[in-house]
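J.: model this:
(chains A and B)
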Amino acid sequence: MEIEIIRIIFLTVVLFSIGILGVLTRRNIIVMIMSVEIMLNSVNLLFIAFSRYFQDLNGEVMVLFVMAIAAAEAAVGLAIVIALHRNYHSIDTMDIKALKE
Amino acid sequence: MNIPEILFYSFTFILVGSAFGVVFHRNPVKSAMFLVLFFVGLAAMYALIGAEFMATLQVLVYVGAIMVLFLFVIMLISVREEALLNMGGNAGRTVIIAVLVLAFSLQFWVLLGGFMKSQGEHVVNGAAPYSTEVMNYTTGEKLLIKGNAEVISYTLFEKYLLPFELISLVLLVAVLGGILLTKHKRETLQ
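T.: Numbers count the residues shown, from 1 in each chain, chains lettered A, B, ... in the order given. Now for the predicted structure:
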């Protein structure tokens, strides 16, 4: 049951980069929030891996807090998405330019 | 190649594949399904490196609660398939992304080089349980507790009690904010 930590670090970096790619390239706000969730979860994996590596529990408790904040963020973000859809009838970031004009 | 390594590589394959599925699928509903697969794969990875309690919580919180929220919002909003952004069409954005990726990987390479040069082999042992010493306040005696959930609950409710309560306040504010943002404007408000 032993896994080298360097591989987990590489995996989390790859997952975090995929999340950044999603936030930068997609125009659908819901998919952007999903990409943010991917980034948060990759950081969670890194927290737990180091927590197991050092046999120190504080990292796992931190993951609990990250989960709670992620739930709050998803709730507020999706509420904003619904409000945007009510006002603009679209959730495409290219259509939301009220401050630009 | 032993069994944990095979499991690790198969979970890695699932995680990376489903993350790419979330980012690059054109239909948001299918993206959400890939995100479910991503969360379940991550829970399996947690269990593999020995954090069973976190694996349970991952399935309960993310798959059970957050994904239901996402799917409800997708259901309420009429989503349509979108064309993927043309990466080559916007030269400035492509250059920014390329420079960011280069700088990030360079920094990562330097950091990992320093880490790998330090001594010993660095492995995560999935079988070693946590243990901590607990004070029984009524009798005053000390006892050693072992196991994942026990030690986590001890740490959470002894050391991190104030942040735990504050998190509940954050969740309350998030609930109120969600209700306030999605509420229709009512003229008959007294």
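
J.: For chain B, which segments count as strands?
T.: B:123-125, B:131-135, B:142-146 (DSSP state E).

J.: ranking these by burial, who's on top?
T.: strand B:123-125 (a mean of 18; mean count of other C-beta atoms under 10 Å in any protein chain shown). Using the backbone N, CA and C atoms, a C-beta is placed for each residue, glycine as well.

J.: same for the lengthiest helix in chain B, what does it pack against?
T.: Counting by DSSP state H, the longest helix found in chain B is helix B:91-117. Taking 3 or more C-beta pairs under 8 Å, 6 or more residues apart in numbering or on different chains; DSSP states H and E as contact, the helices and strands that helix B:91-117 lies on are helix A:5-25.

J.: Please spell out which residues along the very next helix or strand once past the helix it packs on are buried.
T.: Using DSSP states H and E, the next helix or strand after helix A:5-25 towards the C-terminus is helix A:29-54. For helix A:29-54, the neighbour count (16 or more other C-beta atoms under 10 Å in any protein chain shown) marks A:29-53 as buried.

J.: Poorly predicted segments of the chain, please.
T.: Chain wasn't specified; assuming chain A. A:1, A:101 (pLDDT under 70).

J.: The chain in question should be chain B.
T.: B:80-90, B:115-121, B:136, B:185-190.

J.: at 90 what do you get?
T.: For chain B, the stretches flagged by pLDDT under 90 are B:1-5, B:24-28, B:49-52, B:74-159, B:181-190.

J.: what angle sits between the longest helix of chain B and helix A:5-25?
T.: 170 degrees (axes from the mean of the first three to the mean of the last three C-alpha atoms, to 10 degrees).

J.: Please tell me how far helix B:91-117 is from the chain's geometric centre.
T.: The chain centre lies 23 Å from the centre of helix B:91-117; the measure is C-alpha atoms, centre = their mean, to the nearest Å.

J.: With stretch B:11-24 instead?
T.: With C-alpha atoms, centre = their mean, you get 14 Å for stretch B:11-24.

J.: quick check, stretch B:152-159 touching chain A?
T.: Yes - interface with chain A: stretch B:152-159 contributes B:152, B:155-156, B:159 (C-beta under 8 Å from any C-beta of the partner chain).

J.: Whichever of the residues you listed end up buried, select them in ChimeraX.
T.: This is how ChimeraX selects the buried members of the residues of stretch B:152-159 next to chain A, with burial counted by 16+ other C-beta under 10 Å:
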select /B:152,155,156
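
J.: Mind telling me the two of the residues of stretch B:152-159 next to chain A farthest from one another?
T.: Greatest spatial distance among the residues of stretch B:152-159 next to chain A (C-beta to C-beta): B:Ile152 and B:Lys159, at 10.9 Å.

J.: Quick check: neighbours shared by the two?
T.: A:Val61 (C-beta atoms under 8 Å, 6 or more residues apart in numbering or on different chains).

J.: I figured A:Ile5 hits B:Leu112, correct?
T.: No - the criterion here is C-beta atoms under 8 Å, and A:Ile5 misses it with B:Leu112 at 10.7 Å.

J.: Between these two, point out the one with more neighbours.
T.: Comparing A:Ile5 with B:Leu112 by neighbour count (other C-beta atoms under 10 Å in any protein chain shown), the higher total belongs to A:Ile5, at 20 against 14.

J.: For the more buried one, which non-adjacent residue is closest in space?
T.: B:His122 (4.6 Å; C-beta to C-beta, 6 or more residues apart in numbering or on different chains).

J.: Any chance of CSV for the strands of chain B, columns distance to chain A?
T.: Converted to CSV, the strands of chain B look like this (distance: least, C-beta to the nearest C-beta, whole Å):
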stretch, distance to chain A
strand B:123-125, 4
strand B:131-135, 7
strand B:142-146, 12
